[in-house]
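Asks: pasting a predicted model and its sequence here:
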Amino acid sequence: MKRFKKLTVVSKISLVFILLFVMWGAFGSYLPHQYRLGLVAEQLNASLTRNFDWLYTLIMFLIFVLAVYLIVSKHGTKRIGGDDATPDYSTFAWLSMLFSAGMGIGLVFWGVSEPLSHYETFLALDESVRPSVGSTLVQSYVHWGVLPWALYGIMALIIAYFTFNKNRKSLVSASVEDLFGQRFKTPLIIIVDSLVVVSTVFGVATSLGLGAKQIGGGIEFINPAIVNDFNLQLLIILVVTVLFIFSAISGLQKGVKMLSTSAIAISIFLLLTVLLLGPSIQILSLLVTTFGSYVNNFVELSLELSPLNAPKQAWLDAWKIFYWAWWLSWSPYVASFIARISKGRSFREFLLGVIAVPSVFAIIWFSVFGGLAILETHNGNMTLLNVMNQHGPESAIYALFELFGMIAPVLIVIGIVLIGIYFITSADSATFVLAMFSDDGNLVPSKGLRIFWGLAQSAVAIILLMSGNLKTIQSVAVLASFPVIFILILMIINFIKSIKLD
């Protein structure tokens, strides 16, 4: 109880809210169908994407425009923490940590299955209107490229600026509190920071569940006698929980930094292995032409909606708008972590590092893994597509590794290890951020709070796996993205106002 009393009002409110939602998801089967969490969340999501797809699309693009402006303007020379501040981490360690927290595990999970899913969708179209093979990869570049990283970059820069340049608490609310009078300040702080905690817990708990499924899928792939069921996934979560809590209490310099740099090194190794042992020339050709298409059509792809074509708009809602909502729901936590590790960087260096480097890596990753999967399927090998449809998207990467014959088991094991490391780095960075919020923005939160939030996230993930409602809670996390849009707008207004006065 002593540790719980140290939690802020925001954290206590968030815990109650999270508990109520978990109970609703776990025991919703006893309610009338129309009141079950899954149906309610699905209907609310459908309503948001149907009525506000234009807003999600516009805000993501305008954030990118703002990032470009800050990079090329005189503000680019400003330094996070002041003119004399120096970076706490090497450039490689810094990039590794922000990438691992931002979307490392997502690339491994979706690197094969997303382009393959797009390809399967396009195959169903009439030949006269069917897009080119490469356009399936371009769609993945849109979803994982510069726009989500610009979102992370701008929000992280604003949090870092108010934390290190204005000596504020390391809380999202500290970036907006100037805009309102004293009367509204306390309620605003509670609302903003509670939303951040809730979206972080649901987002990370969902990822814990999905990560456990993918690791379990790899183990089953190696040994079909081991079934990827709840018991195996529970064991995986318990083992990973011990590891990521240990990493979180070890601190940023030891646990998080070491695991993040290891993950990037292994990712590069797998990337080069698949590229060099696969049809390298075809993959590189596909990369060049699809990257060219992405650059040439960037504005159109970024702003693309189809209000007069219902089937196409439904596809855009299911993929692009869902991704925009998902990145927005994760942005407060990811941005807070990136801000924490970025003191000493200039605005220009910071934004180029956060946006350009991870985006290029993501594009190369999709072109190699997704490109190989598409080439195989296009040439008549339907194995990858069949595995994905029968065993889920988490199994597609293991099926791709089987294309490499004798070394396939080695690649599968390395893949499982990589997923496990990204799994841990996502969870320990989230644990660190949640502990910061619970310690009133303390940049070095107590170890007790890190342990508490690590156990809390894992408990939520386990309950969701038991109830089979991971997808439902993912929808709940995405719903949190809508108010984040308005929080972000307020942050940007206050930031621009503040840097002009500097």
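Replies: Structure's in. What do you need? Residues are numbered from 1 along each chain as shown.
Asks: now do the strand or helix carrying V108: distance to the chain's middle.
Replies: Of the helices and strands defined by DSSP states H and E, V108 is found in helix 104-110. Centroid displacement of helix 104-110 relative to its chain, using CA atoms, centre = their mean, to the nearest Å, is 9 Å.
Asks: need the contact partners of that helix.
Replies: Contact partners of helix 104-110, identified using CB atoms under 8 Å, 6 or more residues apart in numbering, comprise 140, 144, 207, 210-211, 214, 263, 267, 362, 365-366, 393-394, 397, 415, 418-419, 422-423, 425-426. Placement of C-beta: from N, CA and C, glycine included.
Asks: next: stretch 391-411.
Replies: 108-114, 116-117, 210, 213-214, 217-218, 221-222, 270, 273-274, 277-278, 369, 372-373, 376, 383-384, 387-388, 412, 415.
Asks: let me see the contact set for the residue lying closest to I451 once chain neighbours are set aside.
Replies: On the basis of CB to CB, 6 or more residues apart in numbering, the spatially nearest residue to I451 that is not a chain neighbour turns out to be I245, at 5.7 Å. Each residue near I245 by CB under 8 Å, 6+ apart is listed here: 428, 431, 450-451, 454-455.
Asks: separate out the buried members of the residues you listed.
Replies: In the contacts of I245, burial by neighbour count holds for 428, 431, 450-451, 454, counting by 16 or more other CB atoms under 10 Å.
Asks: from K169, how far off is the closest residue to K447 other than its chain neighbours?
Replies: Counting by CB to CB, 6+ apart, K447 lies nearest to I249, which is 4.5 Å off, once chain neighbours are set aside. Distance of I249 to K169, computed by CB to CB, to the nearest Å: 22 Å.
Asks: repeat for V108
Replies: 34 Å.
Asks: of the two, who's got more company?
Replies: Relative neighbour count places V108 above the other of V108 and K169, with 25 against 19, counting by other CB atoms under 10 Å.
Asks: could you dump the buried ones among the contacts of I245 to CSV with distance to V478?
Replies: Listed next are the buried ones among the contacts of I245 as CSV, based on distance: CB to CB, whole Å:
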residue, distance to V478
D428, 23
T431, 22
R450, 26
I451, 28
G454, 23
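Asks: residues near L400, how many?
Replies: Around L400 there are 28 other residues, counting by other CB under 10 Å.
Asks: the one 3 residues further on too?
Replies: Here the neighbour count serves as a burial measure; for L403 (other CB under 10 Å) it reads 17.
Asks: next, the buried residues of stretch 406-413.
Replies: For stretch 406-413, using 16+ other CB under 10 Å, the buried residues are 408, 411-412.
Asks: which of those fall within helices?
Replies: 408, 411-412 (DSSP state H).
Asks: possible to save those as a markdown table with distance to F495?
Replies: As requested, those are exported to a markdown table (distance: CB to CB, whole Å):
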| residue | distance to F495 |
| --- | --- |
| A408 | 49 |
| L411 | 45 |
| I412 | 45 |
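Asks: nearest to L301, of those residues?
Replies: Nearest to L301 among these: L411, at 32.2 Å, using CB to CB.
Asks: element containing V288?
Replies: V288 is part of helix 280-296, with elements assigned from DSSP H and E.
Asks: tell me which residues are up against that helix.
Replies: 133-135, 137-138, 141-142, 145, 275, 301, 363-364, 367-368, 371-372, 374-375.
Asks: please redo it, this time with the cut-off set to 7 Å
Replies: Defining contact as CB atoms under 7 Å, 6 or more residues apart in numbering, one finds that helix 280-296 is touched by 134, 137-138, 141, 275, 363-364, 367-368, 371-372, 375.
Asks: many thanks, we can stop here.
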